[in-house]
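# Just the structure for this:
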Amino acid sequence: MSLELKGIRGFACYQAYLSTIYFLPLTKTYRESEMSRFEMQHDFTESPIDRKKEILVEVLSVTTISERDVVRFISVHKDPNGIDYSEVNASNLSIDKMVDLVFESLLACSNASKTLFFYPTPSLTASKNTP
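You can find the predicted model right below:
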């Protein structure tokens with residue numbers, strides 16, 4: 001399934017993703033690395049999906065995701081009736097389903113970061129008026 005990140009919920013989800021991958025340098029994969037944080041994040045986003053999943057498991061073993069960020073991750077998904085998940089209807093989710101939704105969101109954000117975070121876009125370039 002392709003998850004589309006858009007609107008305030010998509011942006012909040014992406015912010016939660018950035019808070020999570022901040023801990024990449026603490027993972028077994030990158031702990032001994034000479035890479036900069038930027039290079040680690042780039043390496044992560046360019047990795048195949050199976051490697052990304054392994055690294056995400058490592059990240060989640062060295063940090064926790066706050067309840068607020070869990071809501072941010074699941075709120076970009078819809079329930080079977082087409083209603084966006086929120087704190088209210090998330091209480092009906094099993095832990096397994098919630099973990100699946102969080103991982104799907106993390107992976108979608110890692111793909112979105114190829115255009116949002118690492119590579120400059122025309123909207124991010126300086127204008128003629130920038131000192």
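# other SSEs contacting the lengthiest helix in the chain?
Secondary structure of the chain per DSSP state H: the longest helix is helix 95-116. Applying 3 or more CB pairs under 8 Å, 6 or more residues apart in numbering; DSSP states H and E, one finds that helix 95-116 makes contact with helix 7-21, helix 37-46, helix 49-62, helix 67-74. Placement of C-beta: from N, CA and C, glycine included.
# Which one, of these, ends up nearest to E87?
Closest of the helices and strands packed on helix 95-116 to E87 is helix 67-74, at 5.5 Å (criterion: CB to CB).
# Show me what that closest one is packed up against.
helix 7-21, helix 87-90, helix 95-116.
# right, and those - which one's nearest R72?
Judging the helices and strands packed on helix 67-74 by CB to CB, what sits closest to R72 is helix 7-21, at 4.1 Å.
# avg pLDDT for the closest one?
Averaged across helix 7-21, pLDDT comes to 94.
# ok and it relative to helix 49-62, angle-wise?
70 degrees (axes from the mean of the first three to the mean of the last three CA atoms, to 10 degrees).
# how about helix 7-21: buried residues?
R9, G10, A12, C13, Y14, A16, Y17, T20, I21 (16 or more other CB atoms under 10 Å).
# got it, and stretch 38-57?
Result for stretch 38-57 [16+ other CB under 10 Å]: buried residues M40, Q41, H42, D43, F44, T45, K52, I55, L56.
# residues in contact with the nearest residue to V59 once chain neighbours are set aside?
Leaving aside its chain neighbours, V59 sits nearest to F23 (5.2 Å; criterion: CB to CB, 6 or more residues apart in numbering). Contact partners of F23, counting by CB atoms under 8 Å, 6 or more residues apart in numbering, are V59, V62, T63.
# Quick check: pLDDT value at the second one.
According to the per-residue confidence, V62 scores 95 in pLDDT.
# ok, it to K28 distance?
9 Å (CB to CB, to the nearest Å).
# give me every residue that touches the closest residue to V62 other than its chain neighbours.
The shortest distance from V62 to any non-neighbouring residue, by CB to CB, 6+ apart, is to L26 (4.4 Å). Counting by CB under 8 Å, 6+ apart, L26 touches V59, V62, T63.
# Please apply the same query to D84.
R9, S75, V76, H77, K78.
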